[in-house]
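Trainee: based on what follows, work out the 3D shape:
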Amino acid sequence: MQVVFMNRLVKGSRSDEEAVAQVWIGEEEGIWHLGWRDFQINEEYLDSSWYEGVSWNELLCIYRHGLAIKLGEGYRPIIEGVFHEEEEQRYRGQSVQKLYCYSEHHPDENVYNELCAWRRRRAVSERKAPYFIASNKLLRLISSFIPHNVEELLQLPGVGDNKAGDYGTDILEITAKVTRNHTFPLNWVYAELNEEVYMTWVFKQKEQKYRLELDQYRMRRTLMMGISEGKNVEQLEQVCNTPRKEIIEALEELEKEGYDTEHLIQIELQEMAIVEQNAVWSAFEELGDNFLKPVLQKVYGEGKDTLARGNIDQLYERIRMIRIRFRRDQDSRRNVG
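Mentor: As a prediction, this is how the structure comes out:
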């Protein structure tokens, strides 16, 4: 086997001795191999196989996720740039990330819980999803740094003039009554935050990111295999262990990337009348394909009339299927032109 990449990593132990390991990638007769080697004190070693197969993309997903776990455990590489990301910018946004890291380690749980309760009330009153009001990350920042006025609130990442104007009064009503033992601006965070604590936090974030990428890659691979085997969406839900809505969203992404999804679309639309399909197509021609709701209302009416036509989720799903065809047709016309 030919080793095409290897990196050495070290981790300090409680006895101040270094734990040493290697991560490596090899290739043999078209088969990729990925492994981890722990070196023992007696110069023996323990090998772990992370991957063996023909897909470089899957290997890369597994490599990044596995390495992020190890770095989160305290291992550090001899060679930097270990994630093999295109145009990786290690220090981009680092000051902002340090504020997030500090806030997750030093929240005021009482303030955080009060902010969460406020967000729920506003979400209900405005008929919005809670994360449109404020993300969990932002509420952690606020609960950790306790701004007492609008100027301080605006120094927090994720707070702009619009958000401060819409929600600043409510937020400050909660935070202004809380005593704090630090000041603004927040430059002191960068000196106070332990670098090792910060790096461990960074790698934990990467672990979550690469776990999601790996799950998405495997789901897409299973989805493409299922489409080629003639499975319908209900069957794909089962084999991919993924909600129906996410299957349809992945289908749209595959179509954008040039994969042929027409066979599945035919299966799903076979019970939809041709005249109904043509009406949806005409609505896309008239209204454009950016939004689905205007098309739904154009074809099926509004309110009770729409619901009387059938399951609203099913109607949206079928409209999205026809939109895939519509966009494919539009792209084909542009290419010919």
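Trainee: R37: neighbouring residues, count only.
Mentor: For R37, the count of nearby residues is 16 (other C-beta atoms under 10 Å). Any C-beta I mention is one placed from the backbone N, CA and C, and that applies to glycine too.
Trainee: after the helix or strand it falls within comes which helix or strand?
Mentor: Here R37, judged by DSSP states H and E, is contained in strand 31-39. Next helix or strand after strand 31-39 toward the C-terminus (DSSP H and E): strand 45-53.
Trainee: okay, the helix or strand that that following strand is followed by in PDB with CA atoms only?
Mentor: Next helix or strand after strand 45-53 toward the C-terminus (DSSP H and E): helix 56-72. C-alpha atoms of helix 56-72 as PDB (Å, rounded to 0.1, in the frame of the first residue of the first chain):
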ATOM      1  CA  TRP A  56     -12.400   9.800  -1.800                       C
ATOM      2  CA  ASN A  57     -15.200  12.200  -0.800                       C
ATOM      3  CA  GLU A  58     -16.500   9.800   1.800                       C
ATOM      4  CA  LEU A  59     -13.000   9.200   3.100                       C
ATOM      5  CA  LEU A  60     -12.500  13.000   3.400                       C
ATOM      6  CA  CYS A  61     -15.700  13.500   5.300                       C
ATOM      7  CA  ILE A  62     -14.700  10.700   7.800                       C
ATOM      8  CA  TYR A  63     -11.200  12.000   8.000                       C
ATOM      9  CA  ARG A  64     -12.300  15.500   9.000                       C
ATOM     10  CA  HIS A  65     -14.900  14.300  11.500                       C
ATOM     11  CA  GLY A  66     -12.600  11.800  13.100                       C
ATOM     12  CA  LEU A  67      -9.700  14.200  13.300                       C
ATOM     13  CA  ALA A  68     -11.900  16.900  14.800                       C
ATOM     14  CA  ILE A  69     -12.900  14.400  17.600                       C
ATOM     15  CA  LYS A  70      -9.200  13.700  18.300                       C
ATOM     16  CA  LEU A  71      -8.300  17.400  18.300                       C
ATOM     17  CA  GLY A  72     -11.200  18.100  20.700                       C
END
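Trainee: map the structural domains onto the sequence of this structure.
Mentor: 2-77, 95-188, 214-260, 272-336 (automatic domain parsing).
Trainee: now for those, which one comes closest to K206?
Mentor: domain 2-77 (4.1 Å; C-beta to C-beta).
Trainee: now the terminal residues of that closest one, how far apart.
Mentor: 22 Å (C-alpha to C-alpha, to the nearest Å).
Trainee: chain center to that domain: distance?
Mentor: Distance, stretch centre to chain centre, for domain 2-77: 25 Å (C-alpha atoms, centre = their mean, to the nearest Å).
Trainee: tell me the mean pLDDT over that domain?
Mentor: Mean per-residue pLDDT for domain 2-77: 87.
Trainee: name the nearest residue to L115, ignoring sequence neighbours.
Mentor: Once flanking residues are discounted, L115 sits nearest to L139: 4.6 Å by C-beta to C-beta, 6 or more residues apart in numbering.
Trainee: just checking, that neighbour is part of a strand?
Mentor: No. With DSSP: H, G, I helix; E, B strand; the rest coil as the criterion, L139 is assigned helix and is not in a strand.
Trainee: does it touch N113 like I think?
Mentor: No. Counting by C-beta atoms under 8 Å, L139 does not reach N113; the two are 9.5 Å apart.
Trainee: who has more neighbours, the two?
Mentor: L139 (24 against 13).
Trainee: hang on, the earlier thing: which residues touch the residue nearest to L115?
Mentor: 112, 115-116, 119 (C-beta atoms under 8 Å, 6 or more residues apart in numbering).
Trainee: kindly indicate which of those lies nearest D313.
Mentor: Using C-beta to C-beta, the contacts of L139 come closest to D313 at R119, 26.7 Å.
Trainee: give me the neighbour count for that closest one.
Mentor: 23.
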